[in-house]
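Peer 1: Got a predicted model here, sequence first, then my questions.
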Amino acid sequence: MKRVIFDLLLFISVFTMPWWISTIIVFIGIFIFKQFYEFILMWIIIYSLYSIPGHRFISSPIWYFLAVGLVYTGIQTLRRYIIIYKNEI
């Protein structure tokens with residue numbers, strides 16, 4: 001139930017708050033919940049709302065999703081070294 005409420009809060013924040021607040025909420029969700037794959041959908045929505053169409057290299061979907069994948073992999077790796085998550089793994 002907590003995850004559903006968090007997902008609703010995240011979905012509403014994507015459309016009503018600035019992108020950086022939604023990104024912070026996504027990072028919190030990745031740290032709090034195990035297997036938090038909803039972030040992919042949220043970052044796709046954030047990308048489609050806030051990307052700049054004139055910049056080819058910076059706002060290319062390939063680089064964006066590569067960065068999202070690297071961030072997620074980095075956070076999952078970081079979770080292994082945090083004491084709070086030692087018991088879960």
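Peer 2: Yes, it's here. None of the values given here were measured: they were computed from a predicted structure. Residues are numbered from 1 along each chain as shown.
Peer 1: C-alpha from now on. contacts and neighbour counts both.
Peer 2: Fine.
Peer 1: which helices and strands does the helix or strand hosting I62 pack with?
Peer 2: Element membership for I62 (DSSP states H and E) is helix 61-81. Secondary-structure packing of helix 61-81 (3 or more CA pairs under 8 Å, 6 or more residues apart in numbering; DSSP states H and E): helix 19-32.
Peer 1: 10 Å instead?
Peer 2: Counting contacts by 3 or more CA pairs under 10 Å, 6 or more residues apart in numbering; DSSP states H and E, helix 61-81 packs against helix 19-32, helix 38-50.
Peer 1: tell me which residues of the lowest-mean-pLDDT helix or strand in the chain are tucked away?
Peer 2: Taking mean pLDDT, DSSP states H and E as the measure, the chain has helix 61-81 as its least confident helix or strand, at a mean of 77. Judged by neighbour count (16 or more other CA atoms under 10 Å), helix 61-81 contains these buried residues: Y64, V68, Y72, R79.
Peer 1: Would you mind putting the CA coordinates of it into PDB?
Peer 2: What follows is helix 61-81, C-alpha atoms only, in PDB (Å, rounded to 0.1, in the frame of the first residue of the first chain):
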ATOM      1  CA  PRO A  61      17.100   9.700 -26.100                       C
ATOM      2  CA  ILE A  62      20.000   7.300 -26.400                       C
ATOM      3  CA  TRP A  63      22.300   9.300 -24.100                       C
ATOM      4  CA  TYR A  64      19.400  10.100 -21.700                       C
ATOM      5  CA  PHE A  65      18.500   6.400 -21.200                       C
ATOM      6  CA  LEU A  66      22.100   5.400 -21.000                       C
ATOM      7  CA  ALA A  67      22.500   8.000 -18.100                       C
ATOM      8  CA  VAL A  68      19.300   6.700 -16.500                       C
ATOM      9  CA  GLY A  69      20.600   3.100 -16.600                       C
ATOM     10  CA  LEU A  70      24.000   4.200 -15.200                       C
ATOM     11  CA  VAL A  71      22.400   6.100 -12.400                       C
ATOM     12  CA  TYR A  72      20.200   3.100 -11.500                       C
ATOM     13  CA  THR A  73      23.100   0.700 -11.600                       C
ATOM     14  CA  GLY A  74      25.200   3.100  -9.500                       C
ATOM     15  CA  ILE A  75      22.400   3.400  -6.900                       C
ATOM     16  CA  GLN A  76      21.900  -0.400  -6.700                       C
ATOM     17  CA  THR A  77      25.700  -0.800  -6.200                       C
ATOM     18  CA  LEU A  78      25.700   1.900  -3.600                       C
ATOM     19  CA  ARG A  79      22.900   0.200  -1.700                       C
ATOM     20  CA  ARG A  80      25.100  -2.800  -1.100                       C
ATOM     21  CA  TYR A  81      27.500  -0.700   0.900                       C
END
